[in-house]
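J.: just a sequence and a predicted model for now, questions to come.
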2 protein chains.
Amino acid sequence: MKIGELAKRSGLSAHTIRYYERIGLLPYARRDRSKQRDYDASILTWIEFLGRMKTVGMPIRDMRLYARLREAGASTQMERRALLDRHRQRVRAHVAELQACLLVLDTKIAGYGGTEQRTKNHGTESIRRRKPLSARVARSL
Amino acid sequence: MKIGELAKRSGLSAHTIRYYERIGLLPYARRDRSKQRDYDASILTWIEFLGRMKTVGMPIRDMRLYARLREAGASTQMERRALLDRHRQRVRAHVAELQACLLVLDTKIAGYGGTEQRTKNHGTESIRRRKPLSARVARSL
DNA sequence: CCTTGACTTAGAGCGCGCTCTAACCCGTAC
DNA sequence: GTACGGGTTAGAGCGCGCTCTAAGTCAAGG
């Protein structure tokens, strides 16, 4: 698979794929006779993993570290685990923070009253109907 | 209150406070006889709000819009509400995404097995103990 | 009077994560 | 053979959100 094909399949741009290789997020790909990168489908799994780590806000430098450890072999398993574990803690904390802010936001929005376009309570919400309160709450911004 | 004092109380640096004023996140503060900014304690409420919006990932340009609407008066209430509401949807979606990734991450970490430093399951977790699986899972990264 | 320290401004610089440009090289189809 | 649609490289540029620098003003304390 050449870079264009991989770009299509992975959702990354060819530019980004080359960039990731340069900075060590993707392994150096073998080149064909005309120096073009030739990828194995297995790279997609790795890119998917990178995408997830990106979603959860892991900085590139940590992903690079993980990638290096991975290439260093099985002896680095515990270190890799620890790396993921630390990040997991950060993400959990972040989610908790977001949820706390959402509660405040819900209250504030409720304070604006009116325009009751019922947004269905999907997920983590704890908004219970209340009187508009527009004078008091909306005024306190 | 002068800028240094506000910096201490708000947690922002004086640099950042001036920057926020420049870009329109904070209202233009009145200056005393020697041109120094003099703040009213009420600004802290607004800074707190900005901080929460920042936490939930609202881009500065949206906060600026909100600030402008706010200064434009009560006639913009519905628009402000809508702005917050739209952002709330985005945050909810983001939280859901994070939680989905956390599940995968939990599985992956469990796959590494060993080093059972019991991280207490606070919150959104669904990790149940399992056999190491190190050969299969750890190999699949 | 002079130092100290907090303030003022305009504007440069930074870290992150891409994103794009320029100039070039290949292989295939017509 | 030549046009085309890929690919290659090194490196510049960008949007975000600060963060800091330089050079200067001011007011209070010793």
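T.: Ah, there it is.

J.: where does chain A have low pLDDT?
T.: Low-confidence regions of chain A, defined here as pLDDT under 70, cover residues A:114-141.

J.: what does it have sitting close to DNA strand D?
T.: For chain A, the residues in contact with DNA strand D under the definition CB under 7 Å from any atom of the strand are A:2-5, A:7, A:14, A:18-19, A:22, A:31, A:35-37. Bear in mind the C-beta positions are built from the backbone N, C-alpha and C, glycine included.

J.: just the buried members of those residues?
T.: The neighbour count (16 or more other CB atoms under 10 Å in any protein chain shown) marks A:3, A:7, A:18, A:37 as buried among the residues of chain A next to DNA strand D.

J.: which residues in chain A form helices?
T.: According to DSSP state H, chain A carries its helices in the segments A:3-10, A:14-23, A:43-55, A:60-72, A:77-112, A:139.

J.: export those to TSV and tack on distance to DNA strand C?
T.: Converted to TSV, the helices of chain A look like this (distance: least, CB to the nearest atom of the strand, whole Å):
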stretch	distance to DNA strand C
helix A:3-10	11
helix A:14-23	4
helix A:43-55	6
helix A:60-72	3
helix A:77-112	12
helix A:139	28
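
J.: so which of those helices comes closest to residue B:73?
T.: For the helices of chain A, distance to residue B:73 was read as CB to CB. The smallest value, 11.7 Å, belongs to helix A:139.

J.: just send the buried ones among the residues of chain A next to DNA strand D back as a markdown table, with distance to residue B:97 too.
T.: Rendered in a markdown table, the data for those read as follows (distance: CB to CB, whole Å):
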| residue | distance to residue B:97 |
| --- | --- |
| A:3 | 27 |
| A:7 | 23 |
| A:18 | 27 |
| A:37 | 30 |
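
J.: check the residues of chain A next to DNA strand D and tell me the two furthest apart.
T.: Greatest spatial distance in the residues of chain A next to DNA strand D: A:5 and A:22, 19.7 Å, computed using CB to CB.

J.: one step back: could you point out which of the helices of chain A sits nearest chain B?
T.: In this view, the helices of chain A are compared for proximity to chain B by CB to the nearest CB, and helix A:77-112 is the closest at 3.9 Å.

J.: would a markdown table of the helices of chain A with distance to residue B:100 be doable?
T.: Converted to a markdown table, the helices of chain A look like this (distance: least, CB to CB, whole Å):
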| stretch | distance to residue B:100 |
| --- | --- |
| helix A:3-10 | 19 |
| helix A:14-23 | 23 |
| helix A:43-55 | 9 |
| helix A:60-72 | 19 |
| helix A:77-112 | 11 |
| helix A:139 | 39 |
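
J.: between the ones you listed, which one is nearest to residue B:108?
T.: Smallest distance to residue B:108 across the helices of chain A (CB to CB): 6.5 Å, for helix A:77-112.

J.: check whether that closest one comes near chain B.
T.: Yes - residues of helix A:77-112 contacting chain B under CB under 8 Å from any CB of the partner chain: A:77-78, A:80-82, A:84-85, A:87-89, A:91-92, A:94-99, A:101-102, A:104-106, A:108-109, A:112.

J.: in that helix, what counts as buried?
T.: Buried residues in helix A:77-112, counted by 16+ other CB under 10 Å: A:77, A:80-81, A:83-85, A:87-88, A:91-92, A:94-95, A:98-99, A:101-102, A:105-106, A:108-112.

J.: could you do stretch A:7-16 as well?
T.: For stretch A:7-16, a neighbour-count test (16+ other CB under 10 Å) marks A:7, A:10, A:12 as buried.

J.: just confirm yes or no for that stretch near chain B.
T.: No - applying CB under 8 Å from any CB, one finds stretch A:7-16 out of contact with chain B, separated by at least 14.9 Å.

J.: quick one: end-to-end distance for that stretch.
T.: In terms of CA to CA, to the nearest Å, the two terminal residues of stretch A:7-16 are separated by 9 Å.

J.: restrict stretch A:77-94 to CA atoms and write it as PDB.
T.: Extracted C-alpha coordinates of stretch A:77-94, given in PDB (Å, rounded to 0.1, in the frame of the first residue of the first chain):
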ATOM      1  CA  GLN A  77       6.200  -3.800  28.700                       C
ATOM      2  CA  MET A  78       5.900  -2.600  32.300                       C
ATOM      3  CA  GLU A  79       7.100   0.900  31.300                       C
ATOM      4  CA  ARG A  80       4.500   1.100  28.500                       C
ATOM      5  CA  ARG A  81       1.800  -0.100  30.900                       C
ATOM      6  CA  ALA A  82       2.800   2.600  33.400                       C
ATOM      7  CA  LEU A  83       2.800   5.200  30.700                       C
ATOM      8  CA  LEU A  84      -0.800   4.300  29.700                       C
ATOM      9  CA  ASP A  85      -1.800   4.000  33.300                       C
ATOM     10  CA  ARG A  86      -0.600   7.500  34.100                       C
ATOM     11  CA  HIS A  87      -2.300   8.900  31.100                       C
ATOM     12  CA  ARG A  88      -5.500   7.100  32.000                       C
ATOM     13  CA  GLN A  89      -5.500   8.800  35.400                       C
ATOM     14  CA  ARG A  90      -5.100  12.200  33.700                       C
ATOM     15  CA  VAL A  91      -8.000  11.500  31.400                       C
ATOM     16  CA  ARG A  92     -10.200  10.400  34.200                       C
ATOM     17  CA  ALA A  93      -9.500  13.500  36.100                       C
ATOM     18  CA  HIS A  94     -10.200  15.500  33.000                       C
END
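
J.: that concludes my questions; thank you for your assistance.
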